[in-house]
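[1] structure for the following, please:
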Amino acid sequence: MAEERRTGTWSPEARGPGPEHRRLEAFIGKWINEGETIATPDAPAARILTSDVYESVPGGFFVFHTAYGRLGDLDVGGVELLGYDQERGVYTSHFFDSQGHVTVDDLTYDDGTWTWQGDRVRTFGTFSDDGKTLRARHENSDDGGEWRPLDGRHPEESRVIAVVAGRAANGR
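    A predicted model of the protein is given here:
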């Protein structure tokens, strides 16, 4: 998925998706996400309730994700495109949110855990054995070196309530 500028490029000899692309199929489906932020001295705890739909893009190389929901009293959402960058050997996430931000993260898969890695925020997600639940833990960093849970505490002291995503009944 190395970024290139092309116009109208198409090849009848194009290869199909490989195992790296098929690994993204774990996300395909309709998800309901529930969780809660942890209160800090600056902000009270806020309920998280969102709906996410992950769909395969024609050809099977990419996954398109739409997200809608509420974070406390705030309406949130956005669109994301997940893919595999063959040249770099990593997955990438391009997210465009409802507040006008664009986030590009590397996304890695290692021993059952997906990691979205940004400069100052990262997320670890693990699917249940039956693939119906995804638990996510979010961390941030002021300097990109020392990481802490989003509640600002040291990992051993953290009370972060992880976001738990469950496939909707009519999901996959």
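[2] ranges for the strands of this protein?
    Secondary structure of the chain, counting by DSSP state E: strands at 29-36, 47-56, 62-71, 74-85, 90-97, 102-110, 113-117, 121-127, 133-140, 148-149, 161-167.
[3] may I see those organised as TSV, with mean pLDDT added?
    Shown next, in TSV, are the strands of the chain (pLDDT from 0 to 100):
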stretch	mean pLDDT
strand 29-36	86
strand 47-56	91
strand 62-71	94
strand 74-85	95
strand 90-97	94
strand 102-110	92
strand 113-117	91
strand 121-127	88
strand 133-140	82
strand 148-149	75
strand 161-167	57
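[4] buried ones in stretch 25-32?
    By neighbour count with 16 or more other Cβ atoms under 10 Å, stretch 25-32 contains the buried residues Ala26, Phe27, Ile28, Gly29, Lys30, Trp31, Ile32. Quick note: C-beta positions are derived from backbone N, CA and C, even for glycine.
[5] so how far is that stretch from its chain's centroid?
    Offset of stretch 25-32 from its chain centre (Cα atoms, centre = their mean, to the nearest Å): 11 Å.
[6] got the end-to-end distance for that stretch?
    One end of stretch 25-32 to the other measures 17 Å (Cα to Cα, to the nearest Å).
[7] okay, the strands of the chain in a markdown table with distance to Pro19 next?
    Listed next are these as a markdown table, based on distance: least, Cβ to Cβ, whole Å:
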| stretch | distance to Pro19 |
| --- | --- |
| strand 29-36 | 20 |
| strand 47-56 | 15 |
| strand 62-71 | 15 |
| strand 74-85 | 10 |
| strand 90-97 | 12 |
| strand 102-110 | 11 |
| strand 113-117 | 15 |
| strand 121-127 | 17 |
| strand 133-140 | 20 |
| strand 148-149 | 33 |
| strand 161-167 | 23 |
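[8] out of the buried residues of stretch 25-32, who's nearest Ser128?
    Ala26 (10.7 Å; Cβ to Cβ).
[9] for the closest residue to that closest one other than its chain neighbours, list the residues it contacts.
    Leaving aside its sequence neighbours, Ala26 sits nearest to Phe127 (Cβ to Cβ, 6 or more residues apart in numbering; 5.8 Å). Shown in contact with Phe127 (Cβ atoms under 8 Å, 6 or more residues apart in numbering): Ala26, Gly112, Thr133, Leu134.
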